[in-house]
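Chemist: no sequence on this one, just coordinates:
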């Protein structure tokens, strides 16, 4: 599988991700030309070489009417009940993923010029007029939606009242669009991201002092593994968080992969650690190892019907598999070992269901590595009607199997044996079943 691994040891911001991915693109100049030709008013995106801790990478710079927004991110959280415009976190989130406290009044910006603010409807209007593939346009809107919803929850106001600063908006649209275009053009099968370093400490804003990660970023990163550290300040911006949340299928250590290309997207500030995002593009084995949880409990005082109901409930709630094993328990009592396999993110929910639907007083957990074949479902048309075919492949193995329910239906309708139906379907579908 063509896999991208994103390493966020110093957090992530939109421009850092765009720069790192740009290093993987086969024609960077052509990509920048097409990005600058999309129709973003006054926007110019350039890329230059940047060196951090002796490592050479790329820094992406976005200017709007010749002005670079040095401290920015998307939403201001401005509601119509406020009289000043400020970021929901009370500061603007910088391009390099590190915060700079900053607020500004109703008519002034850093350069002393007046500015306007746009709502989510205005953002949708801007994006709808860009010359983008529909898949990319949908990704851009989805990323913006994550940020707007997080700002809405953080401030307790409707999404319609979240507004974006004019210069910061165009700047962020360019970053988000660039990342979405690059992901699309790199033709990836999967994106995996490391746990995200969010920074530590506090940031000062007009309303007081807030913790890192800032409220909107923390909201976006719910259910995502994050950590703090020695670096004081905000390392992950809402834009970076939303892009990773939208595109990453998994968060964890780097998979076993044959790396083909490596890209470095650098921020502007200097730290003891390299201030950048590293991406690695390569091939991973089909059906590579994934971590799952094995939940189990011993039961000796439940009826078979109650055990069956508990197993069905677990499967309906998302368990990968549920099975029972006969066991001998204390005082030579026969019992049942109930085992539930599940994804790590589902284990708390399923543990709760085990306690709710069984008589156990304790649930054991074991973390397991699982290797799987890649699976897909097809269909063949026969003289007896359609038959679903399950196909699996990987690890040098390819298998096909007809859906039992379809075979059983044909056998009953035609008065044939199951084996005879398998042979007939095999002949008609030219499939190895």
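Modeler: Received it, and whenever you're ready, just let me know what you need. Please read these numbers as outputs of a predicted model, since none were measured by experiment.

Chemist: confirm residue 229 sits in a strand?
Modeler: No. Under DSSP: H, G, I helix; E, B strand; the rest coil, residue 229 sits outside any strand and is assigned coil.

Chemist: distance of it from residue 277?
Modeler: 16 Å (C-beta to C-beta, to the nearest Å). Where C-beta positions appear, they are placed from N, C-alpha and C, glycine not excepted.

Chemist: who has more neighbours out of these two?
Modeler: The neighbour comparison of residue 229 against residue 277 (other C-beta atoms under 10 Å) goes to residue 277, with 31 against 14.

Chemist: correct me, but that one touches residue 14?
Modeler: No. Residue 277 is beyond contact range of residue 14, at 10.4 Å (criterion: C-beta atoms under 8 Å).

Chemist: low pLDDT regions in the stretch 1-150 of the chain?
Modeler: By pLDDT under 70, the weakly predicted segments of the stretch 1-150 of the chain are 69-118.

Chemist: change it to 50
Modeler: The stretch 1-150 of the chain contains residues with pLDDT under 50 at 71-116.

Chemist: which parts of it are helices?
Modeler: 14-22, 28-36, 120-128, 134-155 (DSSP state H, counting those that start in this stretch).

Chemist: in JSON lines, list the ones you listed along with distance to residue 378.
Modeler: Formatted as JSON lines, the helices of the stretch 1-150 of the chain follow (distance: least, C-beta to C-beta, whole Å):
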{"stretch": "helix 14-22", "distance to residue 378": "33"}
{"stretch": "helix 28-36", "distance to residue 378": "36"}
{"stretch": "helix 120-128", "distance to residue 378": "36"}
{"stretch": "helix 134-155", "distance to residue 378": "24"}
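
Chemist: can you report how many residues lie near residue 62?
Modeler: Around residue 62 there are 26 residues (other C-beta under 10 Å).

Chemist: and it, what are its bridge partners?
Modeler: Residue 62 has these beta-bridge partners by DSSP bridges: residue 45.

Chemist: surely it touches residue 175?
Modeler: Yes. Applying C-beta under 8 Å, one finds residue 62 in contact with residue 175, separated by 6.5 Å.

Chemist: joint contacts of these two?
Modeler: Shared between the contact lists of residue 62 and residue 175 (criterion: C-beta atoms under 8 Å, 6 or more residues apart in numbering) are residues residue 15.

Chemist: about what we covered before: intersection of neighbour lists for residue 277 and residue 14?
Modeler: With C-beta under 8 Å, 6+ apart, residue 277 and residue 14 have no common neighbours.
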